[in-house]
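Q: Build me a structure from this.
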Amino acid sequence: MHLYVPLCSLPSAMFDVDTMIIAYDEKRGDSRGARKKNDTEYKLKGLGDCIDCEQCVHVCPTGIDIRDGLQYQCIACAACIDICNSVMTKMDYPSGLIKYTTDNHELGKGNHILRPKTIMYAILLLAIMVGFVVSLNNRIPLEVDIIRDRSKLYTHTIDGLVENVYSIKMLNMSQTSMTYTIKVSGLDSLTVLGKTEVVVKAGEVLTIPVRLQVDPVELKKPSTNITFVAQSKEDPLIIAESESRFLGPSSGL
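A: This is a model prediction of the structure:
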């Protein structure tokens, strides 16, 4: 069973009261209202620093009004911060009416860098990085795929042997050319006809046709599992296996 986590659910899972957000300072900005630049008595009229120019709404790529509070459509582009600061500068008001802040900071509780969620995500990220490094170090830079000829189940040779035809696809994922030896196991008297030693360049996919022959006396059932093994001569630790089937008459019939 696979567990799928939608990307849209990650921000909400990571969000808490110490998360940096873009917010409008209601205490300072409300009540909103237009006024002239040289109006020094606007506070006596019950007005805040917001002149209700709606420039923050016009520049928002998602069309929201940040003054209505944080909304899920906000992409934190900070365009509203820049335009609001420019308006505040023209009005000779302090900047920061719209700014980056946190819920805790707005409530006067201060910010907490080390908190359960950040520690948990740091540990999770570290575990992912360690797993990636380990899997990268243990990666086998060789992939072997066996394709059996499906045009016929099997054939009889003039010597009375049963023959199957296969194509071996080898992918060299290392940075250098490699020489690989090919072996097949699963039947005692199995004979491999074709190249059993090949050179595959770095990043190359090489297809090798091979024929396998066996004495029908050894075939106790119509299908026998066999294993193709490719191993590097330069580095014996680079080895890859792929299973297939050898088809033929059962009990030597």
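
Q: Can you name the next helix or strand after the lowest-mean-pLDDT helix or strand in the chain?
A: None of the helices or strands of the chain scores lower by mean pLDDT, DSSP states H and E than helix 9-14, at a mean of 60. Note on helix 9-14: by DSSP states H and E, the next helix or strand toward the C-terminus is strand 21-24.

Q: In CSV, list the C-alpha atoms belonging to whichever helix or strand comes after that next one.
A: Downstream of strand 21-24, the next assigned helix or strand under DSSP H and E is helix 26-29. Extracted C-alpha coordinates of helix 26-29, given in CSV (Å, rounded to 0.1, in the frame of the first residue of the first chain):
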residue,chain,number,x,y,z
GLU,A,26,-4.7,46.6,12.0
LYS,A,27,-3.9,48.6,15.2
ARG,A,28,-1.8,51.0,13.3
GLY,A,29,-3.7,51.1,10.0
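
Q: which residues are contacting helix 26-29?
A: Applying C-beta atoms under 8 Å, 6 or more residues apart in numbering, the contact partners of helix 26-29 are 48-50, 67, 97. Quick note: C-beta positions are derived from backbone N, CA and C, even for glycine.

Q: Then stretch 209-218?
A: Here stretch 209-218 makes contact (C-beta under 8 Å, 6+ apart) with 157, 160-168, 182, 184, 187-195, 226, 246, 248-249, 252-253.

Q: filter those residues to the buried ones?
A: For these, a burial check counting by 16 or more other C-beta atoms under 10 Å picks out 161-166, 168, 182, 184, 187, 190, 226, 246, 248.

Q: which residues of the stretch 151-253 of the chain score low on pLDDT?
A: For the stretch 151-253 of the chain, the stretches with pLDDT under 70 are 250-253.

Q: Show the residue spans covered by the strands in it.
A: Under the criterion DSSP state E, counting those that start in this stretch, the stretch 151-253 of the chain contains strands at 155-156, 162-172, 178-185, 191-193, 197-200, 205-214, 223-232, 239-247.

Q: What pairs with the second one, parallel or antiparallel?
A: Here the strand partners of strand 162-172, with direction, are listed using DSSP bridges: strand 142-148 (antiparallel), strand 155-156 (antiparallel), strand 205-214 (antiparallel).

Q: Just send those strands back as CSV, with mean neighbour count too.
A: Formatted as CSV, the strands paired with strand 162-172 follow (neighbours: other C-beta atoms under 10 Å):
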stretch, mean neighbour count
strand 142-148, 16
strand 155-156, 14
strand 205-214, 16
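
Q: Would you format those strands as a markdown table with distance to K37 included?
A: Listed next are the strands paired with strand 162-172 as a markdown table, based on distance: least, C-beta to C-beta, whole Å:
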| stretch | distance to K37 |
| --- | --- |
| strand 142-148 | 71 |
| strand 155-156 | 96 |
| strand 205-214 | 71 |
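
Q: Could you name the stretch from these that's closest to A230?
A: Nearest to A230, of all the strands paired with strand 162-172, is strand 142-148, at 5.0 Å by C-beta to C-beta.

Q: correct me, but Q55 touches I83?
A: Yes - judged on C-beta atoms under 8 Å, Q55 makes contact with I83 at a distance of 4.7 Å.

Q: All set, thanks.
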